[in-house]
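J.: How does the following fold in three dimensions:
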Amino acid sequence: MAMEVGFLGLGIMGKAMATNLLRKGFKVTVWNRTLSKCDELVDIGASVGDTPAAVVKKCKYTIAMLSDPSAALLVVFDTDGVFEQIVSGKGYIDMSTVDVDTSSKISEAITSRGGHFLEAPVSGSKKPAEDGQLVILAAGEKALYEEAIPFFDVLGKKSFFLGQVGNGAKMKLVVNMIMGR
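T.: Down below sits the predicted model:
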C-alpha cells in the first residue's frame, strides 16, 4: 500500500522533491499557486488539489516547500489554506526555509487544531534536490518525524531530528553561514 502524501509548492526545489516521491512509488497530490506547474507531475502520476485545504483534506501527511516566509504563512492561513482542514491525526511538514517566528506561528496553528507539525528546512539546492541528496533539518513532533522517515529517505541523504520547533530554522542559519550562502 503506497503512502499518500500532499505536496504544496512546485518551485525548483518542490518540483524535484515531488518528482522523487512519485518515482519511488508514493501517491502524491500536488498543489501550486500557478496550477499549470502541476501538469508535468500529473504526467508522471500525481493528482492535483485545487487548494491547499483540498490537499490536506485528502492526505494524512502534507509537505510544503514554499519560496519564503510570506508564502509559507499564506498557504496556511489564507482562504482555503491548510488551517481550514488540519484535524487531529494529520501531519504538516513545512520544508520551506523560514525564520523561527514564522515556524512557531505555523506550529501553534497546526497543533491548536490537533494536527502534528514538523519544520524540516533543507540544506542543498537544485541538484541535490533532484538527486534526493538533501540534508533535512527537522524539529517539532518526534512521532511525526519518525512517520516521515520514508519520505525523508527519498528526499535526502541524511535527516536530523533537532528537538523543538525553531531548532531546525536556527540550524539552517548556521549551515548557511558555514556554506557561505
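
J.: just checking, what packs against the host helix or strand of residue 104?
T.: Here residue 104, judged by DSSP states H and E, is contained in helix 100-112. Counting by 3 or more CB pairs under 8 Å, 6 or more residues apart in numbering; DSSP states H and E, the packing neighbours recorded for helix 100-112 are helix 69-77, strand 91-94, strand 116-119, helix 167-179. Heads up, the C-betas are built off the backbone N, CA and C, glycines and all.

J.: make it 10 Å
T.: helix 69-77, strand 91-94, strand 116-119, strand 134-140, helix 167-179 (3 or more CB pairs under 10 Å, 6 or more residues apart in numbering; DSSP states H and E).

J.: ok, and which of the ones you listed has the densest surroundings?
T.: strand 91-94 (a mean of 28; mean count of other CB atoms under 10 Å).

J.: can you give me the angle the worst-scoring helix or strand of the chain on mean pLDDT makes with helix 100-112?
T.: In the chain, no helix or strand scores lower on mean pLDDT, DSSP states H and E than helix 167-179, which sits at a mean of 89. Per axes from the mean of the first three to the mean of the last three CA atoms, to 10 degrees, the angle that helix 167-179 makes with helix 100-112 is 150 degrees.

J.: angle of helix 167-179 against helix 69-77?
T.: Going by the same axes, to 10 degrees, helix 167-179 makes 160 degrees with helix 69-77.

J.: which secondary structure elements does helix 167-179 contact?
T.: Going by 3+ CB pairs under 10 Å, 6+ apart, helix 167-179 lies up against helix 100-112, strand 116-119, strand 122-123, strand 134-140, strand 156-161.

J.: same thing but 6 Å
T.: strand 134-140 (3 or more CB pairs under 6 Å, 6 or more residues apart in numbering; DSSP states H and E).

J.: what sits up against the strand it packs on?
T.: With contact meaning CB atoms under 6 Å, 6 or more residues apart in numbering, strand 134-140 is reached by 117-124, 128, 145, 152, 155-156, 158-163, 165, 167-168, 171-172.

J.: Can I have the buried ones of those residues as a PyMOL selection?
T.: Here the buried members of the contacts of strand 134-140 are turned into a PyMOL selection, burial being counted by 16 or more other CB atoms under 10 Å:
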select buried, resi 117+118+119+120+121+122+123+124+128+145+152+155+156+159+160+161+162+165+167+168+171+172
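
J.: so where's the chain shaky on pLDDT?
T.: Applying pLDDT under 70 to the chain flags the ranges 1-2, 181.

J.: redo that, cut-off 80
T.: Along the chain, the parts satisfying pLDDT under 80 run over 1-2, 179-181.

J.: follow-up on the earlier one: orientation of the helix holding residue 104 relative to strand 134-140 in degrees?
T.: Using the same axes, to 10 degrees, helix 100-112 lies at 60 degrees relative to strand 134-140.

J.: All set, thanks.
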